[in-house]
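[1] My questions are about this predicted structure, shown below with the sequence.
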Amino acid sequence: MTCNGPTKHDCIKCHDGCININNECICSENFLPPDSLFLLTCAKNNYTVSEKDDQFNLSTSYILICISILVLVSVFIVIFKSKNNCFCKWNNKREIPEEVKMNCHDNLNYDHQALEIYTENIPNIDINDLDFDNKTALGAGQFGTVYKCSWKINNLSIDVAVKLFEPKKRVNNNEQIRQMLYDELSTLEKLTNHPHVIPLLGYTLNDNVILVFPLRIDDLTKYLLAKGPDISTDLLRRYCAQIADGMIFIHSKDIIHRDLKAKNILVKDQHTVQISDFGLACSSNEQKKAAGTLVHMAYEYIVGNENVTKKGDVWAFAVTVWEIYERGQKMPYRNMLDPVNEFSLNDFLKNGKILDKPEEMPLDLWGKIRSCFAKDKSIRPTFSELYSIFTQVTLNANNSYSIRHIV
């Protein structure tokens with residue numbers, strides 16, 4: 001205390017607010033407030049506050065304490081939600097995906113723990129849960145037949161696509177074909193949880209090798225033919241971006257597809273496509289020759305008979321992009337070669353010729369796609385570069401936006 005009251009006669013000790021008259025310390029009338037509040041001073045640091053100020057500081061302290069409590073509570077909530085989200089993400093891997101729900105015959109309340117798919121551990125299923133008595137053929141190839149049938153699991157009846165090995169009479173390479181399905185299974189186990197790669201739902205390794213996939217609308221070639229002009233060029237570009245995105249993932253696993261083409265791209269919905277058919281896929285460390293579709297093979301495979309590389313997939317991607325912008329209506333090289341075979345294509349490519357630009361493809365985009373057809377495979381772009389090309393959509397001369405968020 002430096003004052004006992006509001007008048008100059010109540011001064012006890014000099015401080016910033018007192019004046020010295022005749023060696024006496026007197027409180028300044030100008031400094032003191034007109035009311036009856038005493039002037040309180042901290043003698044240690046000579047800091048002066050009024051009782052009103054002291055009450056204010058007390059209130060401020062309470063406010064600061066409350067704010068601190070709120071901050072601590074907020075931090076706790078954030079941490080709790082973060083942990084809960086991590087759990088949800090883990091838990092969501094075991095939820096029934098939307099496309100599976102859409103194909104369910106029964107109107108049920110879905111148990112989110114009912115179907116453990118889209119996990120890194122692909123389940124070995126019971127063959128008796130597949131209704132082969134009512135299956136419908138979707139397609140057949142040299143490596144197996146694909147059927148549509150129902151899969152009964154956890155009280156659900158789900159339409160799925162089933163690829164199985166069916167031994168054929170008078171065929172000497174049945175065991176080789178069976179092994180290729182084993183190899184495909186091994187590849188698919190490495191390619192889980194990507195939105196633009198077809199997921200494997202399950203498998204069985206009994207007498208027949210059976211791979212179970214979600215049922216899709218159609219392959220991209222048939223889908224484009226059916227939809228015609230209803231598919232905008234923006235969607236065509238989107239499909240190309242999604243395929244490039246899927247190939248980034250596939251190559252990151254050191255896998256070469258070896259048969260990338262529009263017929264091996266499946267349509268999940270109008271806005272989403274997925275890469276499929278890994279029957280010919282191989283590790284980038286293997287010394288394997290080209291396989292698959294002739295018109296999608298790279299220059300070095302046809303002319304030089306070289307081993308496959310990731311750059312060969314880039315060439316096949318460019319042909320696939322050509323198919324997409326032709327809306328599935330044309331076969332590559334068909335209007336340029338007659339007949340289209342290994343010999344005619346060899347001569348065609350040796351002479352430095354490539355596919356013509358699709359009418360609907362912008363000239364600047366075609367200029368970038370042409371680089372995928374470079375004879376020198378080392379200068380072909382990567383799929384990351386191709387993804388960037390297709391996710392940049394020019395609106396006008398001064399404005400552009402990315403479709404990365406919707407790919």
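    Right, received. Where do you want to start?

[2] Ends of stretch 377-388, what's the gap?
    In terms of CA to CA, to the nearest Å, the two terminal residues of stretch 377-388 are separated by 19 Å.

[3] Only the buried residues of that stretch, if you could.
    Across stretch 377-388, burial judged by 16 or more other CB atoms under 10 Å covers Lys377, Arg380, Pro381, Phe383, Leu386, Tyr387, Ser388. Glycine gets a C-beta too; all of them are placed from N, C-alpha and C.

[4] again with stretch 159-167
    By neighbour count on 16+ other CB under 10 Å, the buried set for stretch 159-167 is Asp159, Val160, Ala161, Val162, Lys163, Leu164, Phe165.

[5] Closest to Pro195 out of those?
    Set against Pro195, the nearest of the buried residues of stretch 159-167 by CB to CB is Ala161 (17.8 Å).

[6] Tell me which helix or strand the closest one sits in.
    Assigned by DSSP states H and E, Ala161 falls within strand 156-164.

[7] Strands of the stretch 251-400 of the chain, residue ranges please.
    Assigned by DSSP state E, counting those that start in this stretch, the stretch 251-400 of the chain shows strands spanning 255-256, 265-269, 272-275, 282-283, 392-396, 399-402.

[8] Sheet partners, orientation included, of the fourth one?
    In other words, strand 282-283. Strand pairing for strand 282-283, using DSSP bridges, gives strand 255-256 (antiparallel).

[9] which residues are in contact with the partner strand?
    Strand 255-256 is contacted by residues 187, 190-191, 278, 281-284, 288, 308-310, 312-313 when judged by CB atoms under 8 Å, 6 or more residues apart in numbering.

[10] Could you rerun that using 7 Å?
    Thr187, Lys190, Ala281, Cys282, Ser283, Ser284, Val308, Lys310, Asp313 (CB atoms under 7 Å, 6 or more residues apart in numbering).

[11] Just confirm the first one is within a strand.
    No: when classified by DSSP: H, G, I helix; E, B strand; the rest coil, Thr187 is found to be helix rather than part of a strand.

[12] How about the contacts made by it?
    So Thr187 contacts Ile255, Phe278, Ala281 (CB under 7 Å, 6+ apart).

[13] Then the fourth one?
    Cys282 makes contact with Ile256, Arg258, Lys288, Val308, according to CB under 7 Å, 6+ apart.

[14] wait, doesn't the third one sit right on Asn307?
    Yes: the criterion here is CB atoms under 7 Å, and Lys288 meets it with Asn307 at 6.2 Å.

[15] With respect to Asp126, which of the contacts of Thr187 is nearest?
    Phe278 (23.9 Å).

[16] Isn't that closest one up against Leu185?
    No: counting by CB under 7 Å, Phe278 stays clear of Leu185, with 9.0 Å between them.

[17] more neighbours, these two?
    Neighbours of Phe278 and Leu185, each counted by other CB atoms under 10 Å, are more numerous for Phe278; the result is 26 against 18.
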